[in-house]
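**Q** let me see the structure of the following:
(one chain, ligands or ions: 1)
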Amino acid sequence: MSNENKTIYDFDFSLICEYFAQVERQGPGSPETTRKALSFIDNLTEKSHIADIGCGTGGQTITLAQHISGEITALDLFPDFIQIFNRNAEQQGFHNRMKGIVGSMTDALPFEKESLDLLWSEGAIYNIGFERGLNEWRQYLKTGGCIAVSEVSWFTDERPDEINDFWMANYPGIDTIPNKVAQMQKAGYIPIATFVIPETCWTECFFAPCHQAQEDFLKKYPGNKTVEDLIYNQRREEVLYNKYKAFYGYVFYIGKKI
Ligand code: SAH
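**A** Modelled structure (predicted):
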């Protein structure tokens with residue numbers, strides 16, 4: 001199989017974890033964007049229950065904890081990320097109301113039905129698929145509770161083959177913003193807000209911190225094919241983003257359960 005056809009799932013997970021554990025965020029986003037998405041959500045109190053699905057090491061969860069009261073339970077597939085998450089929560093003094101647990105978003109989630117006031121997921125719902133995630137996670141929200149997810153989306157109805165093929169190979173669930181909003185409505189939510197996250201969330205907050213991590217990783221594992229492939233793919237994604245960012249980006253979708 002050539003590098004061209006490899007997805008990130010083909011690589012050794014522990015190396016992927018080690019690589020991404022070096023950076024604060026594992027996907028495009030920023031504290032400002034998290035706060036902006038949060039500004040559309042009201043009625044949260046210290047009694048609120050919040051879930052953060054696919055939390056990674058918790059970059060966005062810390063921002064949530066800083067700006068809302070209530071208890072946050074965050075879930076990620078990788079124990080290494082959860083270990084870092086819980087260490088950071090402790091260091092920042094949020095361990096009383098912010099807890100990371102290991103689990104898969106594709107299994108039944110460890111929450112009571114109709115128990116959550118807010119369900120958050122930044123740069124991670126693609127792992128279950130946008131539509132499936134919205135449909136399956138709805139049962140855990142109270143009526144009137146909100147969901148906020150960020151998801152890669154097309155900006156235009158048509159785009160060059162090179163970028164279309166890349167995303168079809170990596171995430172065929174990618175779609176246009178109006179189609180995603182329609183999917184949200186169909187899943188039983190009022191779409192209350194949608195906004196495109198700024199380019200700097202990719203360039204400055206995601207790609208740039210990865211540059212040093214890439215150099216360090218190549219030095220640490222000289223000649224390691226898995227590492228070389230991982231970094232090749234990372235760099236390719238960055239090149240493609242810079243070339244085609246007029247055609248796609250990350251979009252926040254915020255909905256209220258009806
Ligand atoms: N929300 C974080 C991480 C986004 S990267 C941020 O924005 O920085 C996507 C995350 O989804 C990774 O941390 C990855 O470990 C996690 N993930 C992948 N598959 C998953 C699954 N099946 N269940 C839970 N988490 C998963």
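**Q** just the pLDDT for the residue located most distally from the centre of the chain.
**A** In terms of distance from the mean C-alpha position of the chain, Gly223 ranks first, at 30.5 Å (CA atoms, centre = their mean). At Gly223, the pLDDT value in this model is 91.
**Q** how much space between it and the ligand?
**A** Gly223 sits 26 Å away from the ligand, going by CB to the nearest ligand atom, to the nearest Å. No exception for glycine: its C-beta is placed from N, CA and C like everyone else's.
**Q** number of nearby residues for Asp42?
**A** Using other CB atoms under 10 Å, Asp42 is surrounded by 8 other residues.
**Q** before we move on, what SS does it have?
**A** Secondary structure assignment for Asp42 (DSSP: H, G, I helix; E, B strand; the rest coil): coil.
**Q** quick check: phi and psi on it?
**A** Main-chain dihedrals, Asp42, degrees, to the nearest 10: phi -120, psi -180.
**Q** so who does it touch?
**A** Taking CB atoms under 8 Å, 6 or more residues apart in numbering as the contact definition, Asp42 lies against nothing.
**Q** okay, it and Pro28: tell me how far apart.
**A** Separation of Asp42 from Pro28 (CB to CB, to the nearest Å) stands at 26 Å.
**Q** let me see the ranges of the strands in the stretch 101-250 of the chain.
**A** 116-121, 141-154, 189-196, 248-257 (DSSP state E, counting those that start in this stretch).
**Q** what about the helices in the stretch 51-200 of the chain?
**A** 59-67, 79-91, 130-137, 161-170, 177-186, 200-202 (DSSP state H, counting those that start in this stretch).
**Q** which neighbouring elements make contact with the second one?
**A** Read that as helix 79-91. Helices and strands touching helix 79-91, by 3 or more CB pairs under 8 Å, 6 or more residues apart in numbering; DSSP states H and E, are helix 13-21, helix 59-67, strand 71-76, strand 98-102.
**Q** mind listing what's buried in the longest helix belonging to the chain?
**A** Longest helix of the chain, by residue count under DSSP state H: helix 225-244. In terms of neighbour count (16 or more other CB atoms under 10 Å), helix 225-244 has its buried residues at 227, 229-231, 233-234, 237-238, 241, 244.
**Q** list the contacts of the lowest-mean-pLDDT helix or strand in the chain.
**A** Within the chain, no helix or strand scores below helix 13-21, which has a mean of 86 by mean pLDDT, DSSP states H and E. Outside of helix 13-21, the residues within contact range by CB under 8 Å, 6+ apart are 8, 26, 56-57, 78, 80-81, 84, 213, 217, 221, 224, 226-227, 230.
**Q** which among those residues count as buried?
**A** Looks like those have 26, 56-57, 78, 80-81, 84, 213, 217, 221, 227, 230 buried, using 16+ other CB under 10 Å.
**Q** mind listing what the spatially most central residue of the chain touches?
**A** With distances taken as CA atoms, centre = their mean, Gly123 lies nearest the centre of the chain, 1.8 Å away. Gly123 makes contacts with 25-29, 54, 150, 250, as judged by CB under 8 Å, 6+ apart.
**Q** show me which of the residues you listed neighbour the ligand.
**A** 25-27, 29, 54 (CB under 6 Å from any ligand atom).
**Q** got the buried residues for the least confident helix or strand of the chain?
**A** Buried, per 16+ other CB under 10 Å, within helix 13-21: 15-21.
**Q** that one: what's the following helix or strand?
**A** helix 31-38 (DSSP states H and E).
**Q** just name the most buried of the helices of the stretch 51-200 of the chain.
**A** Of all the helices of the stretch 51-200 of the chain, helix 59-67 has the most neighbours on average by mean count of other CB atoms under 10 Å, namely a mean of 22.
**Q** for that helix, packing partners?
**A** Checking 3+ CB pairs under 8 Å, 6+ apart, helix 59-67 ends up next to helix 31-38, strand 49-53, strand 71-76, helix 79-91, strand 98-102, strand 116-121.
**Q** quick one: that helix to strand 116-121, angle?
**A** Per axes from the mean of the first three to the mean of the last three CA atoms, to 10 degrees, the angle that helix 59-67 makes with strand 116-121 is 140 degrees.
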